[in-house]
Structures are given as C-alpha cells and as structure tokens.
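K.L.:
I would like the atomic coordinates for the input below:
(4 chains, ligands or ions: 6)
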Amino acid sequence: MKKIINHPEAVVEEMLEGVVKAHPQYVRKLEGFNVLVRANGPVNGKVALVSGGGSGHEPSHGGFVGRGMLDGAVAGAVFTSPTPDQVFEAVKAVDGGAGVLLVIKNYTGDIMNFEMAAEMADMESIKVASVVVNDDVAVENSTWTTGRRGIAGTVFIHKIAGAAAEKGMDLDEVKRVAEKTIANVRSMGMSLTPCTVPAAGKPSFELAENEMEVGLGIHGEPGTHRDEIKTADEITTHLVEKILEDIDYSQSEVALLINGLGGTPLMELYIMNRKVSSILAEKGIKVYKTLVGNFMTSLEMAGASVSILKLDEELKELLDATADTPAFTQL
Amino acid sequence: MKKIINHPEAVVEEMLEGVVKAHPQYVRKLEGFNVLVRANGPVNGKVALVSGGGSGHEPSHGGFVGRGMLDGAVAGAVFTSPTPDQVFEAVKAVDGGAGVLLVIKNYTGDIMNFEMAAEMADMESIKVASVVVNDDVAVENSTWTTGRRGIAGTVFIHKIAGAAAEKGMDLDEVKRVAEKTIANVRSMGMSLTPCTVPAAGKPSFELAENEMEVGLGIHGEPGTHRDEIKTADEITTHLVEKILEDIDYSQSEVALLINGLGGTPLMELYIMNRKVSSILAEKGIKVYKTLVGNFMTSLEMAGASVSILKLDEELKELLDATADTPAFTQL
Amino acid sequence: MTRDQLLKVIEEITIVIEENKVHLTDLDQAIGDGDHGINLNRGFRAVKEKLESLRDKDCGTILKTAAMSLISTVGGASGPLYGTAFMKAGAVVAGKEYISVEDSIKMFDEAIQGIIARGKASRGDKTMLDVLVPAFEAWKVAFEEGESTEKASEKMLGAAYQGLEYTKTIIAKKGRANYLGERSIGHQDPGATSSCIILKTIVDVMAKGE
Amino acid sequence: MTRDQLLKVIEEITIVIEENKVHLTDLDQAIGDGDHGINLNRGFRAVKEKLESLRDKDCGTILKTAAMSLISTVGGASGPLYGTAFMKAGAVVAGKEYISVEDSIKMFDEAIQGIIARGKASRGDKTMLDVLVPAFEAWKVAFEEGESTEKASEKMLGAAYQGLEYTKTIIAKKGRANYLGERSIGHQDPGATSSCIILKTIVDVMAKGE
Ligand SMILES: Nc1ncnc2c1ncn2[C@@H]1O[C@H](COP(=O)(O)OP(=O)(O)O)[C@@H](O)[C@H]1O
Ligand SMILES: Nc1ncnc2c1ncn2[C@@H]1O[C@H](COP(=O)(O)OP(=O)(O)O)[C@@H](O)[C@H]1O
Ligand SMILES: [Mg+2]
Ligand SMILES: [Mg+2]
Ligand SMILES: [Mg+2]
Ligand SMILES: [Mg+2]
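P.N.:
Numbers count the residues shown, from 1 in each chain, chains lettered A, B, ... in the order given. Ligands and ions are numbered 1, 2, ... in the order given. The predicted model follows:
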C-alpha cells in the first residue's frame, strides 16, 4: 500500500484537520465529530442541506460545503457510512430554523444511519426531510433488491438543491427540486485499477494488465462485469449508451459530469468528454453545461464515470446559480 | 499501460477537443494548432499572458485560460515543450495591442522554443516579454547548470500576473509582478509511483513497494534521490524544510499550494496540508491562502508537491482578485 | 445466563471479532467494500472500553450500552443492524440480572425483528439474516421439544453454519453485494459470517459455564 | 556530396531514427523524461513527408526545409537544437547542388555554433555536443592532415563514439538530466546517442558512394 498517510486509522481525522486549515473561510469542524459545516453557518431562515457518507470520495462531501451547495457534510470512516449520532450532530449544527434536507446516496448503510439520525432529529423537533440518490444505471432497478446506487450524479443534487435553498425555497420545495434532479440524472462508471482502503492495507480487487471493471460503484467494490480494456471511445460509448437507454433524453438539454475516480488524469477525462459530446450531438441532445474533474472519487482508483442530467428551465437556472465552496466555485 | 485513451499519438489533440467541448464559454482552439485561447479574446488593450509546455500536466495550462489568468496556453506533445510556431501562433492570437508576456518554466526545451517564438513575434513587431519560473528547491541552483526547474509554483505566477494584466497594468508592470512572484515562490515534490507517457508505453522508472522518489519534477523523470516511504508527516516535513531553508519566510504571510501529481487522492493532500500548516504555525509564518488539489500534474503519478509563496500587500491583492477559468474560479 | 456471563460473552466477542477482522474484511472485499471486519472491530473495541463501567449494571443496561457504542462507532450497514439487535435484545431484559431461557428466545426474536425492521431484508437475501433466522428457529424449536441447553446450542449453531453455507449459493438482494448480481454467487456473506462468529462465542462462553 | 546523396542521407536518417526510437526513449527515461526517441521520430517523419517535394531543390533549400520541419514538430530541447543545426548547415550551401569537403567543414562548424548559441551548453555538459564537437574536430583535422574522406570519416566516427562513451562518465550540467545531479553518472546521454546515429548514417551513405 503506497499512500502519503500517517496512521491508517487516523486518515479521516487528519484529513479533516487539513481541510479546515486550508479553507477556514469556508468550513469549520464540529468539535468531537467528523462533521464539516459552513464557517459562517447556520444561515438563519434558510433550508440547510446535509450530505455525507464514507470518506474516500473527496472532494465529496466536505469540499462542497459553502454558499450555494451544502451546509454540512458528515465524514464516515473510509467507505463506511457515518453513524447516526454524527449525522444528527450535523443536522443540529446547520439548522437555521427552516429545516434540514438530508441528501443520501442509496446504500443500505447510508439509508439506515441517516434514517436513525432523522428519527433523533424528529425527537428534538427539528424539521428533517430526506432524498435518496440512485443514479447508477449499471445496477438493474428492482423492487426486490436495494435498487440502484447513488454515485457521482449526487454532485448535481448538491448543486441544484443547494441553489434552491440559497434562493429561499422552503423545505418542501427544496426537496421537490432535489427529487426532480434525482429523477433526471443517470450515471455509469468503470475502472482500470482497484483502490486500497488504508485500514485494509490491500487492494479491493485485482485486475490483469488488460482488464477493466465496468459498472462499478464508488467504494472500491467490483463492478457488474469485467472486460478487456477497450479504447476510450468504446468505453465511453458503452457508458453513454447504458445511460441513454434508461431515460428519454431526446430533444432535451443536458448537463454532463465526466467524473474522475481519483487516479485518472484529467487528460483521459477530456478524451472521454470528446466522445460523450459527439455521441450526444449525433442524437440531437444539446449539452448545456459540462463539468470535468474529480468530484466523487474512490481514493486513488483509476477510472471514470459519466453522468447525464436532463434539464428544464428551473434546473438550468439553479445549476447556473453562484456557488462558492472549496471544491466548486462558480461566478 | 492502463489508460483511457484511443491512440497514444492522438492524446493531445483529442484532449483539446474534449476541453473545448466542455468549456466553450471559456476557451476556443486555434484551428490547426494545439493552442487554447480565451473564447472571447483577444482583450483589447490588455496585456496578454501565454503559458504552456508539454502536455500531461493538466489542468495546466489550458485549464487556466480565462478571465484573471491566462489568455493562451500552448500544448506540446506529452512532456515535450511545444514548438516555436505553436507558441508564436498563440502570441498572435492573444495580442490585444498591449503586448504579450510569456510565462516559461525553466527547462531547456521550453526556454529555447519560447525564445524562438519571441524572435518570430519580434519580427512581426508584437511586443513580447518573458519570465522564467524556477521554483523547485530540490535542484541546486548554480550558474554552471540549467538552474532550477519550474514546477507547481507556476500556477501562482499565472494567477498573480494574470490578475495584474486584468487590472490594466502595462507589460513592464505585469512582468515586474510576475518576477516578484517568481522570486518569492519555492516548491518541492515527491512521488510514490512513476507515470507512463502514452507514446512510450511503459513507466518512466520503477519503484519498489517501499520506495519513493524525492525532489522530482513534473515530467515523470526521477528525482534527486530515492528513499524509503516515510509517514506523511515526515515526507511533508522534509519538503517544507527544504523550502524554508531557501528563503527567509519568517514573520511573513504566505500562500500555499499543496499540489497533487495526478494520481494522489485529495485525502492525502489534506493530510499533508495539516502538517504544512502546523510547521508554519510553529515558525510564526502566517498562512494567508491555501490551494489544495491537482494543479500541475504528471499524468497519473501518485505524489505531491508543496509550494510556498511569500506575500506582500500587492501580491495579496492580486491573489485575491476574481478569476474565472475552467480549473480555477474565485469570486 | 448471569450478568457476569453476559459481560464475559461480550468481552469474548470483542476478542474474536478482533481475531477475525482480516477474515471478515477479506470476505467483504470479494463482494462488498472491504470494511466489515474493520467496522465491527472498531465498534467492539469501543464496547470493550465500556465494559469496566458495566460490571454492576443490569443485563438490559449492559446490552443497551453496547448497542449505543456499536451504533455510534461502526457505521455502514452492520452498525445500525447489530446496534438495533443489541438494543432490542437489551429491552427484553431491562432491569434483570439474569437471562432465562425464555428471555433468550424473546431476545433473539426481538433482535431479528429489529434487524428486519431496520434493514428491510428477509431470509434468502444473502445477509446476516440467513444465519440468524434459522439459528433462532432451531434454538426455539429445541426448547419447545424439551432439549437441554447444550443440545439446543448445538442445533442452533448447526443451523447457523448451514445458513452460512447457504449464503454462498445465492444472489445477494440486499446490502452492497446486491450490486454484483450473479457475481455474488459463490461468496460467503461477511455479515452472516460475523453473526455465526458471535453465536459461536455465546455458546462457547455458556458451555464453559463460568 | 551531391544533392541526391544529401536527400539519401536525410531519408536514411528518418529510417534509423525510427529504428532507434525505443532505444533513444529508453535512454531518456533513465535520465530525462523519456521522449527523445518519440520526439525525433515525430520530427523526421515530418521531414520524410517533405522529401518528395525536394527532389530538384538545392542543398540549402533541402536542409532548410528539413530544419523547419524539425523545429515545428519535434519540440523539447532537441527540436530547436537539431533544427538550428540543420538550418545553419543549410545556410552554408544555399543555392548549391553539391557539397564540397570545405563546405562540409563549414557546415559542421556552423551547426555546432548554432547549437551552442541556442542551448548555451559546452563540451562536458553531457549533451549532444560531447559527440558533435570532438567529431567535428576530428573531421577538420583529418582533412588538414590530408587524409582521404574514408579515413576522415573513420576518425570522425571514432571521436563521436568516444564522446558518446564519455557522456556515461560525467554529470549532466544541461538539459533535463541536469536535475539528476550525481544520479546522471553512468548513463549515456540520449541526445549524444542520436547525434552519433546521425553521423554514422551520413558516413554510411557516403561510403556507399551512390
Ligand atoms: N438490509 C440488510 N439487512 C440485514 N443485513 C444486511 C443488510 N444489508 C447488509 N447487511 C449485512 O451487512 C453486511 C455488510 O456489513 P458492512 O460491510 O459492515 O457494511 P457496508 O455494507 O455498509 O460496508 C453484509 O454482509 C450483510 O450481512
Ligand atoms: N542546452 C543544450 N545544449 C545541447 N544539447 C542539449 C541541451 N539540452 C539538452 N540537450 C540534448 O537534448 C537531449 C534531450 O532531448 P529531448 O529528450 O528530445 O528533449 P527534452 O529534454 O526537452 O525532453 C539531451 O540528451 C541532450 O543531448
Ligand atoms: Mg462500508
Ligand atoms: Mg521532453
Ligand atoms: Mg462493507
Ligand atoms: Mg526528453
């Protein structure tokens, strides 16, 4: 395991310390909890957004705490959803009186821990609502299973629901906007290498020199299948086709997120974007905005995901709104 | 070689296509040249900044083309400085009548190619000045050698000289500010893994599981020495000490850049920043602003560099100025 | 089972979980995200730190305290599930210093109901329930049929291990392994494994009869 | 040397550089950034594409065209250096269809002066100059001493290879290898190697006397 760390068990705490030292104008840490909240929060009368999950997805989620996006981010152990008390602490700290929206990614652990936190908040009469992101088309959707995972598309929910809250919408409205975004976003990813959870000390799986994992999540877990490495165009085509099969984007405008998993150079993400945009152009789907970079990572995994969000006028306006956070700033 | 690419020889062109597709509001590509310029440039009456170098350092340099930073970026083959005609084309395209500042990193190739471009511009009576960034303290400075390399600290020159130009300073003034920034910035880097130039197809060097390279540049070349992997705190201490030995930062305010080389998770960069800020705090050096992320990379190399810029009032103001580019935006 | 035995059980669990940390994590790497052993070990280490302060508490308080520790340190899926299980089991013996056979049946039942209510899984989904449910049924039936505690324990463990084997043959429908679809077949479920280990530890301590 | 021989020399160079692409890149990986072979090959491939159009041009135009191709396709350190060398050599024979021995000495000299003016290196810095300078001196002295072209070629190549060997023993003071300090010792300089390869090709074509 090659990492620039001190002790495998200390990575999350030490990282958070480093984040606060780097961005004191944006975030502060709740004493005794692995929770980052806005430096100048809570914002009175504004609906607050709390997200989080296991660590190892940086800049998600702490990097998106700031004006126009999140109010609080809860950091679990690496790839492990945070515990209810931590989430509850975040909720208490960010509530500005207008209620708190929990943005949860669809994993059993996250759902249960955030749900328990919501129950705790309920007992203290803090208004809490929650939405569950499940954008990963790699996984078959079925009522018999846990359903689809939440992956990189979550960033769009942070951005758009964050803008809605900043605009002064109430909790129901912010939740409605978040749910519309969730309904409109689809993602799929692949990887060329595994990653190593510091405390585990060894890679999550092994891949031969000519192999890749396709349809994988963001926790170093294997994907839906393994394949021979293809060209960037072939890989991209596969991801985009799976997404386009899933909902009807025709004649619509979309936002794209070409997301790196942590170990992939930006160069490769842009090469993928070249193909994504040419496929969409062919199909008459208009790209309104594109984000390229490491937004939702799996430690040092080499790989990428593509997310496509179908837009309407409301979503466009919210997507365009000013944001000012450590990892995403928009004028 | 595991990469999401199509053809090793096509990576730069395809990447640039992807960049333009992603950020048409920021950049356009000069037809027939691997040059990105501002979408709405040239800016009349403003000094223009051109930087560039080999590709593989993304988001440098194209990612910093936009308001408040660069006007043009020239992309050579991977790790190979661009040719003079390409640089010259950039100069012609961005000149708004107030002259062009070339920001060159101190490598023989870059110097010679940019110099030849400047000679060409001279012949067409375009005012051109240039500065050479040489921030890498790993390399002994000596008049008998090429001197120090330019590495991640270059980003500060882009930001600060870019702000100076945007503010309306003339070419001499912009050059003065750039040179002050160069005089005040020092960097040093290390890596845990090599990287693979696509056209070479194999890693630039080999490292054992317990080894790291220290004092290396941004082109996959080996460093000044090889060492056993240490803890994040030890690694960081070594880098920072080498920097602090070099110029007197005492009692001053500084800007930090904790730069990832492409394959290092943000988590590790923040763990490093924790130590950087604690060392500086101990020495009474005040951190004014911190950037953490992949700013100047070496493809997928796992590793990082630390840059420390000594500030004065002028540099602070310029560092704080608004910037709006694909890879760096500041309100 | 006396209060002291309960404390002993919990202490032993902290030890065997530590011993099985790598094993459980390996199983989770194959079909999950490779943290199950790390998660539980973190949780039971926290429980262990509480043990000293619980020496003279009732069984309900002991279990509830362990539950709270698990809930606030494990995280992931297994944290809320084991936490809820301990919590529900504890409620059955609130204020008691001794756990009767009837209590044990009720506790086991409540624990499972808690896991189901929280996780919405059922038997056959390739989770800890594939161990716990058959183990519970064997335990209950054994007593209904008048078996001794030893015999009941034996049958319970037998059912547990059979359930564990069974997890290898099925597709995961809940938890992270679910995303693997067909690829989850052939792999033993990590949570089912930790459940087996915990049940085995309970039986071992009871057998020693300390 | 006739114009046709010059074209043949250039064509052969494009071939041997292609053949040595991996070798040169490997050398550059050890002490540089691993692109020297790739760079030169890209450049000479571009030169090759121009060859057809140069069939009836004078030696100066041929060399100048090759120089421009190198300058605008190679990049890195070697692009401007070889480009300048070809450019300066070409200037000596502008308008000429034949290169005399005197011309060749002048061309060689000018090429080296161009490289020095552009790169500001000198002999002993572990660059292509460690091959080119001694090769030039041997070439010049041989003719001054009245040697035949064959003998002069032999001496020139001997000096070139000796210079190449010498690069293994010294610390780089220019180019990227410079940053390696002591670690550059023991490695052969890639640019010195390509220079040897190019000189050898010139001699080979001349020897064939086509
Ligand atoms: N809905 C559920 N109901 C019961 N058990 C579950 C459920 N989801 C997951 N599990 C159990 O949890 C185990 C995984 O725990 P752990 O690895 O600690 O959490 P995570 O999956 O969040 O990483 C699985 O092996 C499975 O036995
Ligand atoms: N200043 C210089 N003068 C002469 N030759 C040089 C100089 N700098 C570098 N070289 C030569 O260039 C070679 C490297 O070329 P190349 O790898 O193509 O460029 P880069 O170093 O920019 O990657 C070196 O091996 C050396 O022989
Ligand atoms: Mg987990
Ligand atoms: Mg190079
Ligand atoms: Mg797990
Ligand atoms: Mg080179």
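
K.L.:
List the buried residues in stretch A:44-56.
P.N.:
Using 16 or more other CB atoms under 10 Å in any protein chain shown as the test for burial, stretch A:44-56 gives A:46-56. In this view, the C-beta of every residue, glycine as well, is placed from N, C-alpha and C.

K.L.:
In chain C, where's the longest helix?
P.N.:
For chain C, the longest helix by residue count, based on DSSP state H, is helix C:149-169.

K.L.:
Mind checking the pLDDT average for the helix or strand following that helix?
P.N.:
For helix C:149-169, the succeeding helix or strand toward the C-terminus, using DSSP states H and E, is helix C:190-208. Model confidence over helix C:190-208, given as mean pLDDT, is 96.

K.L.:
Specify the angle between helix C:190-208 and helix C:149-169 in degrees.
P.N.:
On the basis of axes from the mean of the first three to the mean of the last three CA atoms, to 10 degrees, helix C:190-208 is oriented at 170 degrees to helix C:149-169.

K.L.:
which secondary structure elements does helix C:190-208 contact?
P.N.:
On a contact count with 3 or more CB pairs under 8 Å, 6 or more residues apart in numbering or on different chains; DSSP states H and E, helix C:190-208 meets helix C:3-19, helix C:21-31, helix C:36-51, helix C:78-92, helix C:129-144, helix C:149-169.

K.L.:
Now the residue in chain C positioned nearest to ligand 4, what are its backbone angles?
P.N.:
Nearest to ligand 4, among the residues of chain C, is residue C:34, at 39.6 Å (CB to the ion). Here is the backbone geometry of residue C:34 (degrees, to the nearest 10): phi 70, psi 40.

K.L.:
Next one: it from residue A:214, what distance?
P.N.:
According to CB to CB, to the nearest Å, residue C:34 stands 19 Å off from residue A:214.

K.L.:
Which residue of these two possesses the greater neighbour count?
P.N.:
A side-by-side neighbour count of residue C:34 and residue A:214, using other CB atoms under 10 Å in any protein chain shown, places residue C:34 first with 31 against 21.

K.L.:
Now do the more buried one, the pLDDT please.
P.N.:
Per the predicted model, pLDDT is 89 at residue C:34.

K.L.:
can you pull the contacts of it?
P.N.:
For residue C:34, the contacting residues are A:79, A:197, A:200, A:204, A:220-221, C:25-26, C:28, by CB atoms under 8 Å, 6 or more residues apart in numbering or on different chains.

K.L.:
from the residues you listed, which is closest to ligand 3?
P.N.:
residue A:79 (4.9 Å).

K.L.:
Was I right to think that closest one contacts residue C:35?
P.N.:
Yes. Counting by CB atoms under 8 Å, residue A:79 touches residue C:35, with 5.6 Å between them.

K.L.:
Mind listing the shared neighbours of the two?
P.N.:
With CB under 8 Å, 6+ apart as the test, residue A:79 and residue C:35 both reach residue A:197.

K.L.:
For ligand 5, see how far away the spatially most central residue of chain A is.
P.N.:
Centroid-nearest residue in chain A: residue A:154, 3.8 Å away (criterion: CA atoms, centre = their mean). To ligand 5, residue A:154 is 19 Å away according to CB to the ion, to the nearest Å.

K.L.:
circling back: give me the subset of the buried residues of stretch A:44-56 lying in strands.
P.N.:
Within the buried residues of stretch A:44-56, residues falling in strands by DSSP state E are A:48-55.

K.L.:
From the contacts of residue C:34, which shows the smallest pLDDT?
P.N.:
Comparing these by pLDDT, residue A:221 comes last, at 80.

K.L.:
Next up, the contacts around that residue.
P.N.:
A:204, C:31-34, C:176, C:179-180.

K.L.:
what about 7 Å?
P.N.:
By CB atoms under 7 Å, 6 or more residues apart in numbering or on different chains, the contact set of residue A:221 is A:204, C:32-33, C:176, C:179.

K.L.:
out of the residues you listed, what pair is the most spread apart?
P.N.:
The largest distance within those, taken as CB to CB, falls between A:204 and C:179 and amounts to 13.4 Å.

K.L.:
The closest residue to residue A:114 other than its chain neighbours - how many residues pack around it?
P.N.:
Among residues not flanking residue A:114 along the chain, residue A:104 sits closest, at 4.7 Å (CB to CB, 6 or more residues apart in numbering or on different chains). For residue A:104, the count of nearby residues is 28 (other CB under 10 Å).
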